[in-house]
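**Q** any chance you can model this:
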Amino acid sequence: MRLLDRTMEARDLGSGRELGGKSIAIIGFMGAGKSTVGRLVALGLQMPFIDIDEEVEREAGMSVVEIFSREGEEGFRKREARALKRALEGGGAVIACGGGVVTAKRNIALLRERSKVFLLEVSVDEALRRSEKDGRVRPLLCLGDPAGRARCLMDERRSAYAAAAHEVIDAERAAPEEIAEEIIRRWKR
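**A** This is a model prediction of the structure:
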């Protein structure tokens with residue numbers, strides 16, 4: 001049975017606020033499915049959902065692409081860190097983080113302290129396939145060879161993802177609903 005068909009069971013799972021007010025943070029490379037899965041987890045647990053990229057866009061009044069164009073990656077990362085801190089202050093939410101949130105050690109410390117962090121692992125090839133399919137512009141892949149740049153970024157971030165994660169989920173072939181169900185199962189144990 002699919003997650004979205006289980007509304008009665010989802011209500012019985014509770015909000016997660018009884019677990020010390022911690023949030024669920026979902027991290028991983030671009031195209032890993034963080035936002036899609038995060039929305040499903042939030043629905044299943046009846047918790048608020050926060051997408052960090054959307055929060056950054058809302059606060060800035062411009063898209064991620066525009067922020068990168070006007071302020072560079074450094075400007076975006078500063079905005080991302082502020083949005084992450086705000087999202088984690090309230091507790092009890094499902095948070096989909098941007099793929100590069102782990103590039104700042106202070107973000108990793110904050111994530112590990114205030115949330116249970118789930119890493120969605122996918123290969124670079126799968127991430128690129130999904131990114132092409134969703135049609136979103138990925139500012140860090142716009143220069144030169146996107147596949148080569150993605151491999152480089154993954155190599156640079158691999159140890160940071162591992163350092164941030166409490167739990168690792170293989171998201172290569174599973175459907176978003178299956179991944180969400182696994183996160184909910186692990187959250188409740």
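**Q** now do the strands in the chain.
**A** 23-28, 49-51, 94-96, 115-121, 167-170 (DSSP state E).
**Q** possible to save the ones you listed as a markdown table with mean pLDDT and mean neighbour count?
**A** All C-beta spots, glycine's among them, are computed from the backbone N, C-alpha and C. As requested, these are exported to a markdown table (pLDDT from 0 to 100; neighbours: other CB atoms under 10 Å):
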| stretch | mean pLDDT | mean neighbour count |
| --- | --- | --- |
| strand 23-28 | 98 | 28 |
| strand 49-51 | 97 | 20 |
| strand 94-96 | 98 | 29 |
| strand 115-121 | 97 | 23 |
| strand 167-170 | 96 | 16 |
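**Q** so can I have CSV of those showing distance to residue 180?
**A** Listed next are the strands of the chain as CSV, based on distance: least, CB to CB, whole Å:
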stretch, distance to residue 180
strand 23-28, 10
strand 49-51, 11
strand 94-96, 10
strand 115-121, 10
strand 167-170, 10
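**Q** can you say which of those strands is nearest to residue 183?
**A** For residue 183, the closest of the strands of the chain is strand 115-121, at 5.3 Å, according to CB to CB.
**Q** the closest one: how far from the chain's middle?
**A** In terms of CA atoms, centre = their mean, to the nearest Å, the centre of strand 115-121 is found 8 Å from the chain centre.
**Q** for that strand, packing partners?
**A** strand 23-28, helix 146-164, strand 167-170, helix 176-188 (3 or more CB pairs under 8 Å, 6 or more residues apart in numbering; DSSP states H and E).
**Q** what strands line up against it, and which way round?
**A** strand 23-28 (parallel), strand 167-170 (parallel) (DSSP bridges).
**Q** dump those into CSV; add distance to residue 182 as well.
**A** What follows is those, written out as CSV (distance: least, CB to CB, whole Å):
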stretch, distance to residue 182
strand 23-28, 12
strand 167-170, 6
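**Q** closest one to residue 102 among those strands?
**A** Of these, nearest to residue 102 by CB to CB is strand 23-28, at 6.2 Å.
**Q** verify the stated contact: residue 161 with residue 119.
**A** Yes. Between residue 161 and residue 119 there is a contact at 5.3 Å, judged by CB atoms under 8 Å.
**Q** find the residues that touch each one of these two.
**A** Common contact partners of residue 161 and residue 119 (CB atoms under 8 Å, 6 or more residues apart in numbering): 27-28.
**Q** and of the strands of the chain, who's closest to residue 157?
**A** With CB to CB as the criterion, residue 157 lies closest to strand 23-28 of those, at 9.5 Å.
**Q** what about the closest residue to residue 116 other than its chain neighbours, how many residues close to it?
**A** Nearest in space to residue 116, with sequence neighbours left out and distances taken as CB to CB, 6 or more residues apart in numbering, is residue 166 at 5.2 Å. When counting by other CB atoms under 10 Å, one arrives at 14 neighbours for residue 166.
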